[in-house]
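Undergrad: Sequence plus the predicted model coming up.
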Amino acid sequence: MATVLFRLGRNCYRHKWLVIIAWALVMASMGGAAATLQKGFSENFAIPGTPSEEAVNLLLKNFPDQKNPVDDAGVTVVFAAPPGKRLADEPYMSDVNQVIQQLEDTVPGITDTLRFGNPVTVDEKLRDMVISQSTEAGLPESTARADAANVSVLSPDGRIGYTTFSLDVPTASEVTEEQREAIQKALDKGNELGVQTEAGGAAFGEPIDIKSTSEVVGLGVAFIVLIFTFGSVVAAGLPLVSAVLGVGIGSTAIVLATRFAALNNTTPVLAVMLGLAVGIDYALFILSRYRTEYRRMPRDEAAGMAVGTAGSAVVFAGLTVIIALVTLSIVRIPFLTYMGLAAAFTVLVAVMVALTLIPALLAVAGKYAFGVKIPGTGGNRLRRTVRDGAQPAPQRRSKGRAWARFIHRYPALVFTVVVLGLGALTLPAGHLQLSLPSDNLSEKGTTQRASADLMREGFGIGTSSPFLVVVDAHDVNPRAEALEPLVKAQREEAERAGEPFDAKQAAAQASFMYTVQNLSTNADVKHVQIVDASADGQAAQLLLTPRTGPHDPATTQLLGSLRAQERHIQQATGITLGITGLTPIQQDVTNKLSDAMPIYLAIVVGLAVLLLLIIFRSIMVPLVAGFGFLLSVGAAFGVTVLFWQDGLWGIVQTPGPLISFMPIFLIGVTFGLAMDYQMFLVSRMREQYVLGRKKGIAPGYNLVESSIIEGFTLGSRVVTSAALIMIAVFVAFIDQPLPFIKIFGFALGAGVLFDAFFIRMGLVPASMFLLGRATWWIPRWLERILPTLDVEGAALEAAWERKHRAQEQHDQIVVDDLIDKAHADNPTAT
């Protein structure tokens, strides 16, 4: 592979304009196609096959005229009079009427208007309707009034009320900007009039508004780090150009993919974060190697050698990240699979751009590639390589060498501090809480969060977490013992009224009441009521209101209890039950992700051990790397929980449960990046160890320890620069307005910080010093069966050295022949 990459890099250098134009055309065509064909992103996190999804199918089967609740584009507008006042008082009554009128006049596509209107007047009509329908169905008046109170749209003190409606769009993600602006103007009008007016709901959630400042800040910090790495403005700019192009192509391809698949609206954000970070790092590795090589060979061959050696490492590093992301598909969660594939594609593009565009840009820059020097930066202190191709002699007083010697002196201390420190930071992850985005978790200060807070204040926390129970009684058992009392009561009522008695219909009605009675026995259930029946009377919808909120662990426990009761009720009556709604759907998604996380973690750690075993021909190096990976991921989880869930020190204004797919995605990304740093750092140590053995040095402790120190000194600088750049890119996204993007930026930045600086530059070398000769031990039988991967391009280096020496010998022979001929022609010449 190294030879192929050498030719690729050299040809890209020689045909620079062709490469640059080709990438420009790819970018332009991808952007044009995305703008023309894209269908937009989805806001759904549904997972097929979960109990709540099956309940949705049951609902649509029995109520075909109803819309899938997952796709419902509902809006909830909440009004609040000042403290001590009521919405029925003037001028608030008139103010609310004006807002409702403006919504009706300016918002296109309003549907589902049963509860649309001034809450004061709608509440009275709604109560009367519920009481009338319930009593006509034979319910006691006390039950009917309790049902009416449960669906009230006006708080008991009359200060807070709400109205709801839907928008005539296929899904909430397809709400138009015109509709959003019209709703927002109505909210502004209400607040100007003096009545607090807020809105939320699936169709009016926080928009995915990505601030460009995050990319700008990340690129700015990366530019500064690159200047200190290379000491050149031109060289510092080349990785940024490469990364921006790669991210541009990757993100437009993701937008284009919405034409063919329903992608979640978080997909491009995560792909941009990761693509930008790895794009800069991969270009940095190649450029750093080129700076070494062009001092001893022609520039086109130096570009080829950089791509053939460092580029081989980049290909492998990118492959590990891609594998980790693609492996997300094993959990069989569609939206997570798409996120992984999208991010993996962006990383693939970043690798391809780095391998081809960097040599082309170097050719354009020519001798100015490392021009425009910045005095005082470390990049200008690089020593020149010697003609035999040896690496630059490490500086005696470099920080990397000093740190390696410190670890050599106190390996047990460093190992203990890292393990205990990161282990302690992992502890908070033990009470990790997961959820999906909702109005209740929106940033404080947004209208979505304000509307959720008002609903909680006026109607109780359970109002924001309703369950929809679907009862299908088509296969009800009329002779079921559990239904006999209820069926008997209906038979007697029919006999008294002289009406015909339908045993199956009576059994269906009895099953509805039996379900209500059983579900109401839960202590955490506030109320259960029948809200709709099918046309044939054989199916019903029940509204179950919990006492706790959607993100309360008690609500999760309640859902489990209801599911257990669901099985009992089905066995006792023969009916089919299903529990759905936004809260159960989100909880099922969270549970599925949580269940999949240990499996995914085992796979990626196992993959890490196998890959490193093949590369480094060692048993202990992969095990230490895997152990370190678990520590860094655990610590990243722990600090994320401390700040973003527990609200440590009040730094985070809106603490709450973390987004459900953050842990599994963090594991995948951190794994890929950890393998990058492990390979670039430890491969240098392995290279020095193998070089020492070739020189005939016995593989004793001195060779092992010296190879660790020399390899660490050679590799630590580029790994440090790469890690700082990646941390800067991730942390810059904390400035984004959406909470879950902030959390992702923080968690990924923390993961890279712990892995690069604590694990790879602390625990790994300390472990190797402690292990001594056992570091590079591997059974001979295992070494024989393992495939050989020349990640560092050692064979390519050797081939070039042979060619170089042969060329020098040939040139010397030619010179000697010319001298001999000249001497023969003129013996007196000197």
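TA: That came in fine, so what should we check first? Numbering: from 1, shown residues only.
Undergrad: going forward, measure contacts and count neighbours with C-alpha atoms only.
TA: OK.
Undergrad: chain center to the lengthiest helix in the chain: distance?
TA: Once the chain is assigned using DSSP state H, the helix that runs over the most residues is helix 582-616. Computed by Cα atoms, centre = their mean, to the nearest Å, the chain-centroid distance of helix 582-616 equals 13 Å.
Undergrad: again with stretch 308-328
TA: 19 Å.
Undergrad: Which residues outside the helix or strand immediately after the longest helix of the chain in the chain are in contact with it?
TA: Next along the chain after helix 582-616, taking DSSP states H and E as the criterion, comes helix 620-640. Residues outside helix 620-640 that contact it (Cα atoms under 8 Å, 6 or more residues apart in numbering): 419, 422-429, 605, 608-610, 612-613, 663, 666-667, 670-671, 674, 678, 743, 746-748, 750-751, 754-755, 759-760, 763-764, 767-768, 774-777.
Undergrad: So which of these are in strands?
TA: Secondary structure from DSSP state E places none of these in strands.
Undergrad: So how do I select the buried members of those residues in ChimeraX?
TA: Entered in ChimeraX, the line below selects the buried ones among the contacts of helix 620-640, by 16 or more other Cα atoms under 10 Å:
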select :419,422,423,425,426,427,428,429,605,608,609,612,613,663,666,667,670,671,674,678,743,746,747,748,750,751,754,755,759,760,763,764,767,768,774,775,776
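Undergrad: What is the neighbour count of S142?
TA: 11 (other Cα atoms under 10 Å).
Undergrad: next one: the one 10 residues further on
TA: Residue crowding around S152 was assessed by other Cα under 10 Å; the count is 21.
Undergrad: Also G32?
TA: Neighbour count of G32, defined by other Cα under 10 Å: 13.
Undergrad: what about it, helix or strand, and which?
TA: helix 16-37.
Undergrad: per-domain residue ranges of the protein.
TA: As assigned by automatic domain parsing, the chain contains the domains 1-43+214-383, 396-431+617-777, 469-488+501-541+560-575, 795-830.
Undergrad: Can you say which of those is nearest to S94?
TA: domain 469-488+501-541+560-575 (30.9 Å; Cα to Cα).
Undergrad: residue ranges of the helices in the stretch 351-500 of the chain, please?
TA: Remark: helices assigned in the stretch 351-500 of the chain by DSSP state H, counting those that start in this stretch are 399-409, 411-426, 447-459, 484-497.
Undergrad: If I average pLDDT within each of the ones you listed, which one is lowest?
TA: Ranked by mean pLDDT, these bottom out at helix 484-497, with a mean of 83.
Undergrad: tell me what the helix or strand just after it is packed against?
TA: Next helix or strand after helix 484-497 toward the C-terminus (DSSP H and E): helix 503-519. Contacts defined by 3 or more Cα pairs under 8 Å, 6 or more residues apart in numbering; DSSP states H and E place helix 503-519 against helix 484-497, strand 525-533, strand 539-546, helix 553-573.
Undergrad: Spatially, and excluding backbone neighbours, which residue is closest to A732.
TA: S214 (4.8 Å; Cα to Cα, 6 or more residues apart in numbering).
Undergrad: burial of the one you found, as a residue count?
TA: Residues lying near S214 (other Cα under 10 Å) number 21.
Undergrad: The one 4 residues further on now?
TA: Close neighbours of G218, defined as other Cα under 10 Å, add up to 22.
Undergrad: Next one: it from G745, what distance?
TA: Taking Cα to Cα, to the nearest Å as the measure, G218 falls 11 Å from G745.
Undergrad: Need the overlap of contacts for these two.
TA: The contact sets of G218 and G745 overlap at F730, V731, A732 (Cα under 8 Å, 6+ apart).
Undergrad: Return the member of those residues nearest to V77.
TA: A732 (33.8 Å).
Undergrad: Tell me the buried residues in the helix or strand containing the closest one?
TA: A732 is part of helix 701-732 when elements are defined by DSSP H and E. For helix 701-732, the buried set under the neighbour-count rule, 16+ other Cα under 10 Å, comprises 703-732.
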